[in-house]
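Peer 1: model this:
(chains A and B)
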Number of protein chains: 2
Amino acid sequence: MDGSKKPVVRVGLLGFGTIGTGVVGHLIGQRQLIADRLGCSIEIARIADLDIERDRGVKVEPGWMTRDAFEVVRDPNVDVVVELIGGTGIAKAVILEAFRNGKPVVTANKALICEHGPELFEAARAAGQDFYFEASVGGGIPIIKDLREGLVGNQIQSVYGILNGTCNYILTRMAEAGLDFDQALAEASQKGYAEADPSLDIDGIDTMHKAVILASLAYGFWVDYQEVYTEGIRSLQAIDIACAQELGYEVKLLAVIRAGSTGGPVEVRVHPAMLPKDHILASVRGVYNAAFTTGDVVGQHLAFGRGAGMDATTSSVIADLADISLNMLHQCPRRVADFRKHANYSGLLPIEDVETRYYIRLSVADQPGVLARIAAIFGDLRISIASMIQHESEHGSAEGVTLIFLTHRAREASIREAVRQVESLPTTLGPASVLRVEEDCQGG
Amino acid sequence: MDGSKKPVVRVGLLGFGTIGTGVVGHLIGQRQLIADRLGCSIEIARIADLDIERDRGVKVEPGWMTRDAFEVVRDPNVDVVVELIGGTGIAKAVILEAFRNGKPVVTANKALICEHGPELFEAARAAGQDFYFEASVGGGIPIIKDLREGLVGNQIQSVYGILNGTCNYILTRMAEAGLDFDQALAEASQKGYAEADPSLDIDGIDTMHKAVILASLAYGFWVDYQEVYTEGIRSLQAIDIACAQELGYEVKLLAVIRAGSTGGPVEVRVHPAMLPKDHILASVRGVYNAAFTTGDVVGQHLAFGRGAGMDATTSSVIADLADISLNMLHQCPRRVADFRKHANYSGLLPIEDVETRYYIRLSVADQPGVLARIAAIFGDLRISIASMIQHESEHGSAEGVTLIFLTHRAREASIREAVRQVESLPTTLGPASVLRVEEDCQGG
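Peer 2: Below you'll find the predicted structure:
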């Protein structure tokens, strides 16, 4: 920080893509407003990117650009580093080098935090530097600040998150326009809502990264991402979304994070789930994200906003830069720690032990006794059926009869065994469709 | 702060009613969790209340209680003061005395901040002490922290708030159960959602206090509450809520805060308004609160939670105590200022100059030429009609015909003049019902 006159915090930006361009543009555009609000200015000092020639449509001063990220983090004229390179290779090395050079870091890199959080936190702690990552989860939603500060007095009972805009757009279009998955994905790509390789999004990996970060902050131990059950939306069928709607539900790709009392295990899982239509999360449409948090003091809280894109993510990066700038101005680095261990929870609950409600759709032969045999399988496994719908087959159709079961709360392991047994019946025509039904998050 | 061993921040609580009891209970119940998260403990040291005998169901140590609030703020064993007395008399005097005694203050007192904000901020500044008031707006929603920190890089384009749980409960019951206002208010009272004297809530004063605070933080000048147009829900008729629903709208008591570009005026107004049913704010039901904020960087953001009640407000008081405790621990008081002047806006837009859409319901005599005369009045005042519905009168009814107009955007002054002229026609039977229709907040 140059404190010789009016204080200025000088930013070294790593990665000059979409988000980086947004950061540069808005720091220039809102320079006066930010300075008025904070009591110090935030200015770009250096930018590293492989492409130092392309015109991004924002003003770049001579001398800012370099191809060498390490040059930026070692530059004595840089006070704080913003890492927007992505990935877990060079990004990690350069962040560690920034800490070694006594510089705080802001990142939007969820994969890196998720996989290497504890190592990075330890490096930040050893260096006495701030490490902020609001933009890693739900670009336009200050959910990390909420969890860490606004709700700090709460034991968090649960967080239900819609955390991936690509998936939510696809599911919204499947529900509202009756598209099948491939059509909806193609439309998302066409509109720029899906990456060229969309697998990180549609396979739930991106949501899982974010769930790990939120769960770790909420429950005070760093969640091992390899233990998190993760199921994407690739195999969702239009018919199941239509049936869910008929039953009064919307299908969302949910991050479910919840725990009982201290001492017990924590559930962290990512999968498509049915939500009652009158739940406020069910009304989150299109590319929007939301996190629905229940705390023992505050009760229910929803934060909703754009999940990604240049500007929403930029807003969070600037908020983190503002926090770090205030910490510099007031000489209080690490005022809010990146991550603190706290309350004792006993690790993650294995997916097999999760209890929730289930939707099961079967296609079966139209013969006497079929339903009785299926019901007996459920009964033997102590799965209690809340409701059942039988759709008449079309005359002459070879597809048989469609049976849809909604269960009461049941253990995942029992459901899996039931589905295995039912699928092996000679009268069952093809694999079952299974969706978890989340109603414990009810309220609002 | 007692720094001799593990740091402890000692709280002097003024007012031991519902919220105060929640603060004491949760600070005791979450003591370990809060200490783990912050790195310091927060403990009650003294409590002032006129009633020092009553058992509130939380543990009170001998020596905590006094009837004299000034004794608490002068006590050298008190590090931070929480003011929950309410009102603008003793509460103000005791806060000023706390600052004079070098103690930071947390308050939930929206009327006090609204009316005497600048004087209190100046006293806090002169004393070099923190002054936090998250609990004054939307108990369970960290909206002040969002505006001041999470969205700090944004020029705020608008905030649409449902900020009073009592009113939102009444309006929800009128819409969902078809109750009239008096029935819904009686039900709210019976359930404990309305005060013995509900006028501050139902006349919109409480919402106005909160709107003044949010608008001032968003736009960087302290809004004069006496200039804020404020209309409550007392005269809302069940028929207008039913008609609004038929037209695809919900009626909410809204705080509307918005501005165009820097340099222009700011709109701050509180009144019942029609919101499109598919807007996420329309789905905020019952005693819940929500703030829908649009920033030029972040886009649209919604924060939703319980607006009042012991626990929700307690959560915000504890969050403010946590912020102050961290500032003490890291010796950075006033790291985030209570209020900072910033961007230049030219005061408030008078209500007469507001432009929005309008719903106008008239009861008129069933005679030829009536509609033509009314349409001519609208036309002469350049009010453009977007749609009109005529409900047939019942045979033999003396009530005439019901006409409902939805206008395009029009100036409030023109609408008032049109209504005045229409009501003075001999064929108009009784006063018009007028509701503002807010669609500019659309999105989500």
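
Peer 1: contacts and neighbour counts: CA atoms only from here.
Peer 2: Noted.

Peer 1: Now do the helix or strand in which residue A:201 is found: which elements does it pack against?
Peer 2: Element membership for residue A:201 (DSSP states H and E) is helix A:199-202. Judged by 3 or more Cα pairs under 8 Å, 6 or more residues apart in numbering or on different chains; DSSP states H and E, helix A:199-202 is in contact with helix A:165-177.

Peer 1: By neighbour count, which bits of the helix it packs on are buried? Give me those.
Peer 2: A:165-175 (16 or more other Cα atoms under 10 Å in any protein chain shown).

Peer 1: show me where pLDDT drops low in the stretch 151-300 of chain A?
Peer 2: Scanning the stretch 151-300 of chain A with the threshold set as pLDDT under 70 gives no residue ranges.

Peer 1: show me what contacts whichever residue of it sits closest to chain B?
Peer 2: As assessed by Cα to the nearest Cα, chain B sits closest to residue A:298 within the stretch 151-300 of chain A, at 4.2 Å. By Cα atoms under 8 Å, 6 or more residues apart in numbering or on different chains, residue A:298 lies in contact with A:151, A:154, B:140, B:305-306, B:311-315.

Peer 1: same thing with residue A:28?
Peer 2: Residue A:28 neighbours (Cα under 8 Å, 6+ apart): residue A:43.

Peer 1: What segments of the stretch 101-250 of chain A are helices?
Peer 2: Here the stretch 101-250 of chain A has its helices, by DSSP state H, counting those that start in this stretch, at A:110-127, A:143-145, A:165-177, A:181-190, A:199-202, A:205-219, A:238-246.

Peer 1: what residues does the stretch 301-444 of chain A put near chain B?
Peer 2: A:301-306, A:311-316, A:318-319, A:322-323, A:326-327, A:330-332, A:335-336, A:340-343, A:444 (Cα under 8 Å from any Cα of the partner chain).

Peer 1: Inside helices: which ones of the residues you listed?
Peer 2: Among these, DSSP state H puts A:311-316, A:318-319, A:322-323, A:326-327 in helices.

Peer 1: between those residues, which has the most around it?
Peer 2: residue A:316 (35 neighbours; other Cα atoms under 10 Å in any protein chain shown).

Peer 1: buried residues in the helix holding residue A:201?
Peer 2: For helix A:199-202, using 16+ other Cα under 10 Å, the buried residues are A:201-202.

Peer 1: Which residues of the stretch 51-200 of chain A lie near chain B?
Peer 2: A:140-142, A:145-146, A:149-155.

Peer 1: Turn these into CSV, including neighbour count.
Peer 2: Listed next are these as CSV, based on neighbours: other Cα atoms under 10 Å in any protein chain shown:
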residue, neighbour count
A:140, 34
A:141, 34
A:142, 27
A:145, 23
A:146, 21
A:149, 22
A:150, 29
A:151, 29
A:152, 26
A:153, 32
A:154, 25
A:155, 21
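
Peer 1: still on that earlier bit, among the ones in helices among the residues of the stretch 301-444 of chain A next to chain B, find the lowest-pLDDT one for me.
Peer 2: On pLDDT alone, residue A:311 ranks lowest of those, at 85.

Peer 1: Which strand or helix spans residue A:73?
Peer 2: helix A:69-74.

Peer 1: What would whichever helix or strand comes after that helix look like as CSV? C-alpha coordinates only.
Peer 2: As assigned by DSSP H and E, the chain's next helix or strand after helix A:69-74 is strand A:80-83. Extracted as CSV, the C-alpha positions of strand A:80-83 are listed here (Å, rounded to 0.1, in the frame of the first residue of the first chain):
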residue,chain,number,x,y,z
VAL,A,80,-2.5,-7.6,-3.3
VAL,A,81,-2.8,-10.4,-5.8
VAL,A,82,-6.0,-11.5,-7.6
GLU,A,83,-5.7,-15.0,-9.0
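
Peer 1: Alright, that wraps it up for me.
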